[in-house]
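> Sequence and computational prediction follow.
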Amino acid sequence: MTDSLAPDSSLGHRDADGGRPAVFLVVVDNTPEMHVALRWASLRARRTGGRVGLVRVIRPADFQHWAAVGKLMTVEAREEAEQLLQEHAAEVFKLYGGMPVLYLREGDIKAAVIDLIDEDDDIRILVLAAATGRRGPGPLITYLTKKAISLLRIPVTIVPGGLTDEQIDRLV
């Protein structure tokens with residue numbers, strides 16, 4: 001299942017061949033480091049004339065005994081995802097000055113991100129922030145860098161998840 005809320009086409013510069021602006025894609029999840037990726041992508045897009053894209057992936061309801069319950073769970077997950085995207089879109093608006101492109105996907109996060117990148121030629125950079133704990137950079141970064149980097153057609157920017165806003169502002 002794929003949804004894309006209409007982007008504000010008045011923002012962003014055209015790329016060198018006259019096409020649409022490059023989209024810096026950020027995966028919206030519940031990790032603290034996601035805010036680092038969001039800030040980095042927003043400021044980088046503003047500086048380069050690109051756009052920001054936010055994707056939220058929800059798992060399909062796996063409740064087969066009662067179809068109505070499964071459907072309700074899916075509707076609730078979708079509503080929560082849409083609300084979360086809107087909250088982060090407001091943050092992007094403050095940093096970037098425009099509304100991001102919003103994507104809502106259902107399925108496995110790893111496959112959904114790769115499929116979205118394959119389907120949308122405007123997405124030109126995937127921005128992720130590495131976790132700061134002992135367990136490694138995070139499951140998506142680990143998967144992409146160890147198993148799936150050859151499946152991607154775009155670069156992946158991995159930002160250290162422990163950067164402060166001030167550090168990001170200086171770097172971008």
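Great, that's in hand.

> which helix is the longest one in the chain?
Using DSSP state H, we find that the single longest helix of the chain is helix 67-96.

> what about that helix, distance to the chain center?
Centroid separation for helix 67-96 versus its chain: 13 Å, with Cα atoms, centre = their mean, to the nearest Å.

> average pLDDT across it?
The average pLDDT within helix 67-96 is 88.

> which secondary structure elements does it contact?
Using 3 or more Cβ pairs under 8 Å, 6 or more residues apart in numbering; DSSP states H and E as the contact test, the elements touching helix 67-96 are helix 34-48, strand 51-58, strand 101-106. All C-beta spots, glycine's among them, are computed from the backbone N, C-alpha and C.

> again, 6 Å this time
helix 34-48, strand 51-58 (3 or more Cβ pairs under 6 Å, 6 or more residues apart in numbering; DSSP states H and E).

> Would you check that Ser42 makes contact with Val52?
Yes - using Cβ atoms under 6 Å, Ser42 is in contact with Val52, at 5.4 Å.

> Lowest average confidence across helices and strands of the chain, where is it?
strand 2-5 (a mean of 44; mean pLDDT, DSSP states H and E).

> for this structure, what are the low-confidence residue spans?
Counting by pLDDT under 70, the chain contains low-confidence residues at 1-18, 61-70.

> let's see 80
For the chain, the stretches flagged by pLDDT under 80 are 1-19, 61-74.

> still on that earlier bit, which residues are contacting the next helix or strand after the least confident helix or strand of the chain?
Counting by DSSP states H and E, the next helix or strand C-terminal to strand 2-5 is strand 23-27. With Cβ atoms under 6 Å, 6 or more residues apart in numbering as the contact definition, strand 23-27 has outside contacts at 37-38, 41, 44-45, 50-55, 101, 122-123, 125-127.

> and strand 23-27, which strands flank it?
Partners of strand 23-27 in the sheet, by DSSP bridges, are strand 51-58 (parallel), strand 123-130 (parallel).
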